[in-house]
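Trainee: Task: produce atomic coordinates for the following.
(one chain, ligands or ions: 1)
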Amino acid sequence: MTAKVIDGKAFAAEVRTKVASHVTRLKEENGITPGLAVVLVGEDPASQVYVRSKGKQTVEVGMNSYEHKLDVDTSEADLLALIDRLNKDATVHGILVQLPLPKHLDSDLVINSIDPAKDVDGFHISNVGLLGTGQKSMVPCTPLGCLMMLRDHHGSLAGMDAVVLGRSNIVGKPMAQLLLGDSCTVTIAHSRTKDIADVCRRADIVVAAVGRPEMVPGDWIKPGATVIDVGINRIERDGKTVLVGDVDYASAAAVAGAITPVPGGVGPMTIACLLANTLTACCRANGLAEPEGLTA
Ligand SMILES: Nc1nc(=O)c2c([nH]1)NC[C@@H]1CN(c3ccc(C(=O)N[C@@H](CCC(=O)O)C(=O)O)cc3)C=[N+]21
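Mentor: From the prediction side, this is the model:
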């Protein structure tokens, strides 16, 4: 068998088209332009690339983009003061603080100082609690993108066995909550899981979010299963830097029913969902109906 390749890049373009048409309507009918503020502390080259591409796509869908680049040794007080200003700024509907932050800053404290209604990353404890109890919240972008691709491929996910590899707060845990919300039987496996290969082989859906290049080989995958690869790892191969996922693509694609590639899978969906969340936050802030198909 050769897996169907789930084209995250094309799917993300569709999501952005939907977002853009809602934004046009918001402007014409309500005179509102959604705004996203992205805060970057320091000059990590990879982070700068992501922030630039977020800003570009934000403008492309017709939203306002506000970039705040702060010095690497910015004090916590100054960062909190900026967030406080953005919280109070009615033209800003979404706030994203690029992670990881420099070590001298307490990222939990910083994230929890964002107004939960503007927390388009869905990392604020209040959004985490709302998601965990099945209440309306802001949903983390990467897991939301994965969910959209899974629903698009399968229709209903009810009753499926899902294994999430990785237990991070930004991907593994919220991904498990979303799959549970869609009535999957969910297992979270991690570095201390016994017989992880056997656990994985039971899965109809595997979401790999461990951050270890090509850790999941094809013989961990049940024939016909759907594989979502969240990993984005830069490695050296044949003297070149290449981007690989957490899944060994060649061997997994030979047995899976469907698989997301890296690049061109989950990554582009993450940014598309950030724009979708900003639109959702803007609609909620203005008491308007939420866009359909763009939330969990
Ligand atoms: N508060 C916060 N929220 C984030 O969502 C967040 C963050 N911090 N810090 C960094 C990570 C990383 N991230 C990516 C988004 C898109 C691609 C993406 O589009 N990747 C392309 C390839 C891009 C490349 O070539 O490097 C792809 O997979 O096809 C990758 C990575 C969001 N992050």
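Trainee: Find the centremost residue of this protein, please.
Mentor: Central residue of the chain (CA atoms, centre = their mean): Thr142, 1.5 Å from the mean position.
Trainee: mind listing what that one touches?
Mentor: 170-171, 175, 209, 230, 266, 269-270, 273 (CB atoms under 8 Å, 6 or more residues apart in numbering). C-beta here means a position set from N, CA and C on the backbone, and glycine is covered the same way.
Trainee: Can you tell me which of those is closest to Glu67?
Mentor: The shortest approach to Glu67 among the contacts of Thr142 belongs to Thr270, at 17.9 Å (CB to CB).
Trainee: Hmm, that closest one is touching Gly145, no?
Mentor: Yes. With contacts counted by CB atoms under 8 Å, Thr270 reaches Gly145, the gap being 5.3 Å.
Trainee: Comparing the two, which shows the higher neighbour count?
Mentor: Comparing Thr270 with Gly145 by other CB atoms under 10 Å, the one with more neighbours is Gly145, at 29 against 23.
Trainee: burial count for the residue in the chain that the ligand sits nearest to?
Mentor: Residue nearest to the ligand within the chain: Gly267 (2.2 Å; CB to the nearest ligand atom). Residues lying near Gly267 (other CB under 10 Å) number 25.
Trainee: Excluding chain neighbours, what is closest to Leu165?
Mentor: Nearest residue to Leu165, sequence neighbours excluded (CB to CB, 6 or more residues apart in numbering): Ala208, at 4.7 Å.
Trainee: For the residue nearest to the centre of the chain, give me the backbone phi and psi.
Mentor: phi -70, psi -50 (degrees, to the nearest 10).
Trainee: and if you look at Val23?
Mentor: phi -60, psi -40.
Trainee: Could you pull up the residues touching it?
Mentor: 33-34, 61-63, 279.
Trainee: and if you look at Val61?
Mentor: 16, 19-20, 23, 275.
Trainee: Give me the domain ranges for the protein.
Mentor: Using automatic domain parsing, the domain parsing of the chain gives 30-115, 141-267.
Trainee: Secondary structure class of Asp121, three-state.
Mentor: Assigned by DSSP: H, G, I helix; E, B strand; the rest coil, the conformation of Asp121 is coil.
Trainee: counting contacts, what elements does the longest helix along the chain pack onto?
Mentor: With secondary structure taken from DSSP state H, the chain has its longest helix at helix 266-285. The contact analysis (3 or more CB pairs under 8 Å, 6 or more residues apart in numbering; DSSP states H and E) places helix 266-285 against helix 8-25, strand 35-41, helix 45-60, strand 94-97, helix 141-154.
Trainee: can you give me the angle that helix makes with helix 141-154?
Mentor: 100 degrees (axes from the mean of the first three to the mean of the last three CA atoms, to 10 degrees).
Trainee: Which positions within helix 266-285 qualify as buried?
Mentor: Across helix 266-285, burial judged by 16 or more other CB atoms under 10 Å covers 266-285.
Trainee: again, but for stretch 253-264
Mentor: Within stretch 253-264, the residues that qualify as buried are 253-262, 264, counting by 16+ other CB under 10 Å.
Trainee: Take those and keep only those in helices.
Mentor: Ala253.
Trainee: The buried residues of stretch 253-264: which two are farthest apart?
Mentor: Top of the distance list for the buried residues of stretch 253-264 (CB to CB): Val255 and Gly264, 20.4 Å.
Trainee: export the helices and strands packed on helix 266-285 to a markdown table and tack on distance to the ligand and mean pLDDT?
Mentor: Below are the helices and strands packed on helix 266-285 laid out as a markdown table (distance: least, CB to the nearest ligand atom, whole Å; pLDDT from 0 to 100):
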| stretch | distance to the ligand | mean pLDDT |
| --- | --- | --- |
| helix 8-25 | 6 | 98 |
| strand 35-41 | 9 | 98 |
| helix 45-60 | 5 | 94 |
| strand 94-97 | 5 | 98 |
| helix 141-154 | 5 | 98 |
